[in-house]
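In: The following comprises the amino acid sequence and a computationally predicted model.
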Amino acid sequence: MIVSEALKWIGTPYHPGGRVRGAGCDCATFIAQVCIDLGLIPDIDIPRESAAHFIATGNPLYLETVLRFCHEIPEAEVLPGDLVMYRFPSFTIFTHGAIVVEWPGRVIHSVQGRGVLMTDGKQWVFRRWERKFFRLGQ
């Protein structure tokens, strides 16, 4: 269900704070809006601050928001529709998220300069990034 909805967003341009399929979104608003559209989480206010701001301030809001609706799972239990969060080794916070299509491997996410696309979640730019996995529900 989540993967099917996420696939509809492929090709949506990257736009910080955007929440409209076909018009624009960022990695956080993409995941949130897919879940909102499916009725899996309530319509939530998503801060309109850049990833650079979160990195500079060490603000853990992105991961904290994920934890409001999800619980962490081990990599061995990842299923399609689960979430993967990424942290660059020199950062103190997780700054990017994606929806798992098939693990290990394919994820759907919104990438600055590229928009919503499907990539390999382990080999693409994230091969050295720390990963945590989450499933909707508590």
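Out: Right, received. Where do you want to start?
In: and I99, which of the three is it?
Out: strand (DSSP: H, G, I helix; E, B strand; the rest coil).
In: Let the chain start at 38 from now.
Out: Sure, I'll start numbering at 38, so the last one becomes I136.
In: How about the contacts made by it?
Out: I39, V40, A43, I68, V71, G118, D119, L120, V144, I145, H146 (CB atoms under 8 Å, 6 or more residues apart in numbering). C-beta coordinates here come from the backbone N, C-alpha and C atoms, glycine included.
In: now it: how far from P79?
Out: Separation of I136 from P79 (CB to CB, to the nearest Å) stands at 19 Å.
In: How about M38?
Out: 17 Å.
In: Longest helix in the protein, by number of residues?
Out: helix 64-74 (DSSP state H).
In: for this protein, which spans come out with low pLDDT?
Out: 86-88, 90-92, 161-162, 175 (pLDDT under 70).
In: which strand residues sit across from the residue nearest in space to the middle of it in the sheet?
Out: Nearest to the mean C-alpha position of the chain, by CA atoms, centre = their mean, lies G134 at 2.6 Å. Counting by DSSP bridges, G134 forms beta bridges with M122.
In: wait, what's in contact with it?
Out: C64, A65, I68, Y99, V103, L120, V121, M122, Y123, H146.
In: Can you lay out those residues as CSV showing neighbour count and distance to V153?
Out: Output for the contacts of G134, formatted as CSV (neighbours: other CB atoms under 10 Å; distance: CB to CB, whole Å):
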residue, neighbour count, distance to V153
C64, 23, 9
A65, 24, 12
I68, 27, 10
Y99, 22, 17
V103, 21, 18
L120, 24, 15
V121, 23, 15
M122, 24, 17
Y123, 20, 16
H146, 26, 7
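In: out of those, which one sits closest to G48?
Out: Among the contacts of G134, H146 lies closest to G48 (CB to CB), at 13.1 Å.
In: need the contact list for the closest one.
Out: Counted by CB under 8 Å, 6+ apart, H146 has contacts C64, F67, H133, G134, A135, I136, V153, L154, T156.
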